[in-house]
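Trainee: I would like the atomic coordinates for the input below:
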Amino acid sequence: MKLVFMGTPAFAATCLAAVLETEHEIVGVYTKPDTPKNRGMKLIPSEVKLLAQAHGLPVFQPASFRDDAVVEELRSLTPDLIIAVAYGKLLPQRVLDIPPLGCINIHGSVLPALRGSAPVQWAVLNDLPETGVTAMYLNAGMDEGDIIEIRKTPIGENETAGELMDRLALLGAALLKDTLAAIAKGTAARTPQDPAQASYAPMLTKELSPVNWNRPARAILAQIRGLTPWPGATAVLGGTEFKLWEARPWPAESAAEPGTKTAPGTPLALNKKGLVVACGDGAIQITRLQAPGGKAMPAADYFRGHPIQMNNE
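Mentor: I've put the predicted structure just below:
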């Protein structure tokens, strides 16, 4: 088959690498325009662009598909099938109508749950026990197309969104290869989604970062894991705002003496593993954090050099 691949981040690049291992011909790779980053605002190419260039594939970076010339350029590639993985753009119907075998997508959730731009992060933020990847046909809606196949995986107790993303990328890449083989044979399934079971995973923002210590410990731990590596959970401790990169459960019975009530957000103890902080229903132990202008480091090391007042002092 002649394929056009559309994608942008590392998750998509892992899937593109899998397609490169097949016998199919990639006639074009579409990715978002280079993004200005860092202080110098240097234009940085996407992971998909870098991989495509390394393999000598033609790369296209249109700002949108509103321009007729952009659509006609895609049509001129005469793809049999379009693959879109974390491309970052909804494809209009006139693009979906171009390939005779349709357009497919690898989505990082068990659809129809967690439709949208950040399904992996919200699976962790919602403290789900498992998630997965879905191969689906695209339609004009957001992740609403017919399902080809779903593969599930449990979410680790301490797994961050970044770690889960890496695992799902490999799971999705293997699913994509098998999906291409099924489509080529004409055996790919097509199961409509149940819209009544749909939920959504909106784009992450920094407004999600501040920790509310009144929440249960498990919810705060999920917030820290789900916002790693971006945008990161934040909390003010001893008058300084930190990014919290890693935390672990702390036994509820150890959070305070019997009969006492410690205000949520209060530092309780510092040990060799980290800083224990009171929550709405107990406490968590912060094991890795980052001070303003500093680097991520073990919390125990930081607070040994920057003493913080404890509840019992």
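
Trainee: what strand or helix carries residue 22?
Mentor: Under the criterion of DSSP states H and E, residue 22 resides outside all helices and strands.

Trainee: what about it, neighbour count?
Mentor: Residue 22 has 15 neighbouring residues, counting by other Cβ atoms under 10 Å. Bear in mind the C-beta positions are built from the backbone N, C-alpha and C, glycine included.

Trainee: start the count at 29, not 1, going forward
Mentor: With the count now opening at 29, the last piece we talked about shows up as residue 50.

Trainee: ok, it - contacts?
Mentor: The contact partners of residue 50, by Cβ atoms under 8 Å, 6 or more residues apart in numbering, come to 205, 208-209.

Trainee: and it, how far is that from residue 87?
Mentor: Distance from residue 50 to residue 87, counting by Cβ to Cβ, to the nearest Å: 19 Å.

Trainee: do residue 135 as well
Mentor: 23 Å.

Trainee: who has more neighbours out of the two?
Mentor: Between residue 135 and residue 87, counting by other Cβ under 10 Å, residue 135 is the more crowded of the two (27 against 16).

Trainee: out of everything not next to it in sequence, what's closest to that one?
Mentor: Leaving aside its sequence neighbours, residue 135 sits nearest to residue 162 (Cβ to Cβ, 6 or more residues apart in numbering; 4.7 Å).

Trainee: just the element for that neighbour, please.
Mentor: Per DSSP H and E: residue 162 is located in strand 158-165.

Trainee: buried set for whichever helix or strand comes after that strand?
Mentor: Later in the chain than strand 158-165, the nearest helix or strand by DSSP H and E is strand 175-182. Residues of strand 175-182 classed as buried: 175-176, 178 (neighbour count, 16 or more other Cβ atoms under 10 Å).

Trainee: and what of stretch 151-164?
Mentor: Buried residues in stretch 151-164 (16+ other Cβ under 10 Å): 151-154, 156, 159-164.

Trainee: next: stretch 318-326.
Mentor: 318, 324, 326.

Trainee: pull the helix or strand with minimum mean pLDDT from this protein.
Mentor: strand 63-65 (a mean of 84; mean pLDDT, DSSP states H and E).

Trainee: so what strands line up beside that strand?
Mentor: Using DSSP bridges, the strands paired with strand 63-65 are strand 70-72 (antiparallel).

Trainee: right, and the helix or strand after the partner strand?
Mentor: helix 75-82.

Trainee: give me the longest helix you can find in this structure.
Mentor: helix 189-213 (DSSP state H).

Trainee: how far does that one sit from the chain's center?
Mentor: Remark: helix 189-213 is offset 15 Å from the chain centroid, using Cα atoms, centre = their mean, to the nearest Å.

Trainee: any idea of the angle that helix forms with strand 175-182?
Mentor: 150 degrees (axes from the mean of the first three to the mean of the last three Cα atoms, to 10 degrees).

Trainee: rewinding a little: export only the CA atoms of the strand holding residue 162, formatted as PDB.
Mentor: What follows is strand 158-165, C-alpha atoms only, in PDB (Å, rounded to 0.1, in the frame of the first residue of the first chain):
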ATOM      1  CA  GLU A 158      -5.600   0.200  33.200                       C
ATOM      2  CA  THR A 159      -5.600   1.900  29.900                       C
ATOM      3  CA  GLY A 160      -4.400   1.000  26.400                       C
ATOM      4  CA  VAL A 161      -4.300   1.900  22.700                       C
ATOM      5  CA  THR A 162      -7.000   1.800  20.100                       C
ATOM      6  CA  ALA A 163      -6.700   1.500  16.300                       C
ATOM      7  CA  MET A 164      -9.600   3.200  14.700                       C
ATOM      8  CA  TYR A 165     -10.900   4.700  11.500                       C
END
